[in-house]
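> Task: produce atomic coordinates for the following.
(2 chains)
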Amino acid sequence: MQEMQENLKSAIKQAVLNAELAKEEEIPAIVLEQPKDKAHGDYATNIAMQLARVAKKAPRQIADAIIEKLDHTKASIKQVEIAGPGFINFFMDNSYLTNLIPTIIEQGESYGSSNAGKSEKVQVEFVSANPTGDLHLGHARGASVGDSLCNILQKAGYDVSREYYINDAGNQINNLALSVEARYNQALGKDFPMPEDGYHGADIIKIGEDLKAQYGESLLEKAPTEQHVFFREYGLKYELAKLAKDLEQFRVTFDHWFSETSLYEEDKVVPAIEVLREKGYIYEQDGATWFRSTDFGDDKDRVLIKQDGSYTYLSPDIAYHKNKLDRGFEKLINIWGADHHGYIPRMRAAIQALGYDADTLEVEIIQMVNLFENGEKVKMSKRTGKAVTLRELMEEVGIDAMRYFFVMRSADSHLDFDMDLAKSQSNENPVYYVQYAHARICTMLKQAEEKQIDFTSYDQSLAQSEKAEELLKKLGEFSQTIEDAAINRTPHRIPQYLFDLASSLHSFYNAEKVIKEDALEETKAKLALMQAVKITIHNGLKLIGVNAPESM
RNA sequence: GUCCCAGUAGCUCAGCUGGAUAGAGCAACAGACUUCUAAUCUGUAGGUCGGGCGUUCGAAUCGCUCCUGGGACGCCA
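Numbering: from 1, shown residues only, chains lettered A, B, ... in the order given. Predicted coordinates for the structure are as follows:
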């Protein structure tokens, strides 16, 4: 596919030179696009319009000259036309498409892979929810997008590491300990108020009950500080185990869980600040230590060490990002909720102050998820713990539908999650449409197996049709789609591609019968095509963490 | 007040490193099951791409500006 495009491009370039329309250095990069309307050919280029100024001729005249000098044989061109204001449309000799099927079948699970990423070492940090409660809708979206993006980057040849940053050092963990203490006492039947900023989730109530079952009232005999440490450690361990379990069930795993506390234990925070101080980006004012982030375009300077001597959140974060870079990652991708977008400039400033290019850090912002139930927006409140959790959604909606739903939209669009629609499992949910295409193929292949039709060798020319050609073209776009999704960090391209592919398959299925006992050779060719589609759908769904069922 | 995201068909959204007649799904309407799964397919209808100005041979796409909706602006994390 790509080799052919390159051939075509070089042929066009040569034609421009031969026609003496422009000097080599004046020729812009030749862009081939695939027209939406197939009446406009398989590929089109706008080079004639782009050259209009340089060549001082009308675009259509230029196009004429190019075509005259074009070497048709070199790039398997069947026909060339000039259209509209000066587009050159190429109709290709589509025999190249037939090579696609054996290629896909041979590559199997690895079909779609490329080395576009050139093994660049990329770290993706995502979810990173505080271990103080259950994961909710927003985290579910972040997990879906993050994991899918990682899969896509890997498929496109990047060296990817997935990381979860555990905020286990700040005030919120104290509040967790206090909340656990309250719930434990309440479980023992005592009238014990929740702390002001306590966590009201059902999970903490469960911790209280577990502690009662395990220890009875014995924990009350410990000294207050000892108690606090105990509740803290117990709560943290419990919450982390739950996070990992929920995420794993959601088919999201991490290579590394990074503890904020470890930054202090291994003395990483002070040295990171010292690096900035040595470079002159640190100053003291009003009894606090400041980072001059305005040197790098931030709105205002930021406090690193407060008057009371404690760190702001930014300090360990700078140390953490320095640590990431020290580990040799060439690109850091952070996936954050929209409520953190204001934090980007100071973080990028820190990256630059550490001596790296600002673009080393990329922050992908995921817009909010609104939950709708019974046609009304459901207000979610952390304070009362009345948020719909990832776990509840997995049970009610199903993992496949969630994974697909959360990644099918552009991440910078607000997402309305309609509980009733998701629960109803109606045909409005496109994941079934794609899965159904896969299941249909499996049924056909199973029948072929029962009839003992062996299609290891076949003659592809026997299965040519308009619908078959559409399918083939779609199959051929898979690798390019993955590359685009990887480079632009747009995982939603994958479900959209899969939907299109499934659509082509369903259309083909309705137009043509595959298994025909009286036309065995034709059947074999079609079965091979089906096998290729099956592999591609399977590989695509795998990228977004959705199962490809054999039957539905 | 400053910053970020969004505004495209009745609804939910693609398309945005500029290209040809702006695309899907749902909803509406008309059809297709004696068939390898109808969770499907085929067709019809539906749009001043929020408004204006500008750049360009060409703008949904780029720039400026205004309007509307959502979010963020702590020596919290």
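> rest of the way, CA atoms for contacts and neighbours
Noted.
> how close does the single nearest residue of the stretch 401-550 of chain A relative to RNA strand B sit to A:Tyr281?
Nearest residue of the stretch 401-550 of chain A to RNA strand B (Cα to the nearest atom of the strand) works out as A:Lys513 at 3.2 Å. From A:Lys513 across to A:Tyr281, the span is 71 Å (Cα to Cα, to the nearest Å).
> Give me the more crowded residue out of the two.
Neighbours per residue (other Cα atoms under 10 Å) separate A:Lys513 from A:Tyr281, with A:Tyr281 holding more: 20 against 10.
> Next, find the distance separating the more buried one from A:Glu274.
From A:Tyr281 to A:Glu274 the distance is 10 Å (Cα to Cα).
> Now A:Arg440. Nearest residue, chain neighbours left out?
A:Ser551 (7.2 Å; Cα to Cα, 6 or more residues apart in numbering).
> Near that neighbour, how many residues? Count them for me, please.
So A:Ser551, with other Cα under 10 Å, has 13 neighbours.
> three-state assignment of the nearest residue to A:Asp93 once chain neighbours are set aside?
The shortest distance from A:Asp93 to any non-neighbouring residue, by Cα to Cα, 6+ apart, is to A:Lys78 (5.0 Å). Three-state assignment for A:Lys78 (DSSP: H, G, I helix; E, B strand; the rest coil): strand.
> Go ahead and confirm A:Lys78 touches A:Phe91.
Yes - under the criterion of Cα atoms under 8 Å, A:Lys78 makes contact with A:Phe91 at 5.5 Å.
> Between those two, which is the more surrounded one?
Using other Cα under 10 Å as the criterion, A:Lys78 and A:Phe91 rank with A:Phe91 on top: 19 against 12.
> surely that one meets A:Ser76?
No - judged on Cα under 8 Å, A:Phe91 makes no contact with A:Ser76 at a distance of 9.1 Å.
> gap between A:Ala401 and A:Asn175?
35 Å.
> for the helix ranked longest in chain A, what is the average pLDDT?
Criterion DSSP state H: the longest helix present in chain A is helix A:224-249. What helix A:224-249 shows for mean pLDDT is 96.
> Off-centre distance for stretch A:214-225?
Here stretch A:214-225 is found 46 Å from its chain centre; the criterion is Cα atoms, centre = their mean, to the nearest Å.
> my bad, stretch A:502-513
Using Cα atoms, centre = their mean, the mean C-alpha position of stretch A:502-513 is found 29 Å from that of the whole chain.
> Could you check that stretch and say which residues are buried?
Under the neighbour-count criterion of 16 or more other Cα atoms under 10 Å, stretch A:502-513 has A:Ala502, A:Ser503, A:Ser504, A:Leu505, A:His506, A:Phe508, A:Tyr509 buried.
> Using CSV, write down the CA coordinates of it.
Provided in CSV are the C-alpha atoms of stretch A:502-513 (Å, rounded to 0.1, in the frame of the first residue of the first chain):
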residue,chain,number,x,y,z
ALA,A,502,-18.2,-3.5,10.0
SER,A,503,-20.5,-1.5,7.8
SER,A,504,-18.7,-2.7,4.6
LEU,A,505,-18.8,-6.3,5.9
HIS,A,506,-22.6,-6.2,6.6
SER,A,507,-23.2,-4.6,3.2
PHE,A,508,-21.1,-7.3,1.5
TYR,A,509,-22.8,-10.0,3.5
ASN,A,510,-26.3,-8.9,2.4
ALA,A,511,-25.3,-8.6,-1.2
GLU,A,512,-23.4,-11.8,-1.7
LYS,A,513,-23.6,-15.3,-0.5
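> Run through who's touching that stretch.
Applying Cα atoms under 8 Å, 6 or more residues apart in numbering, the external contacts of stretch A:502-513 come out as A:Tyr433, A:Val434, A:Ala437, A:His438, A:Lys467, A:Ala468, A:Glu470, A:Leu471, A:Val533, A:Ile537.
> Now do the contacts for the fifth one.
So that's A:Lys467. For A:Lys467, the contacting residues are A:Ser504, A:Ser507, A:Phe508, A:Ala511, by Cα under 8 Å, 6+ apart.
> what pLDDT does it get?
What the model reports as pLDDT for A:Lys467 is 91.
> Surely it is in a strand?
No - counting by three-state DSSP, A:Lys467 is not part of a strand but helix.
> how close does A:Ser293 sit to RNA strand B?
Between A:Ser293 and RNA strand B the distance is 12 Å, computed by Cα to the nearest atom of the strand, to the nearest Å.
> Now do the host helix or strand of A:Lys526: distance to the chain's middle.
For A:Lys526, the enclosing helix or strand under DSSP states H and E is helix A:520-543. Remark: helix A:520-543 is offset 25 Å from the chain centroid, using Cα atoms, centre = their mean.
> Next: stretch A:25-32.
Using Cα atoms, centre = their mean, the offset of stretch A:25-32 from its chain centre is 32 Å.
> which of the residues in it are buried?
Neighbour-count burial for stretch A:25-32, counted by 16+ other Cα under 10 Å, picks out A:Ile27, A:Ile30, A:Leu32.
> Serialize those to a markdown table and add fields for distance to RNA strand B.
Putting the buried residues of stretch A:25-32 into a markdown table (distance: Cα to the nearest atom of the strand, whole Å) gives the following:
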| residue | distance to RNA strand B |
| --- | --- |
| A:Ile27 | 13 |
| A:Ile30 | 11 |
| A:Leu32 | 9 |
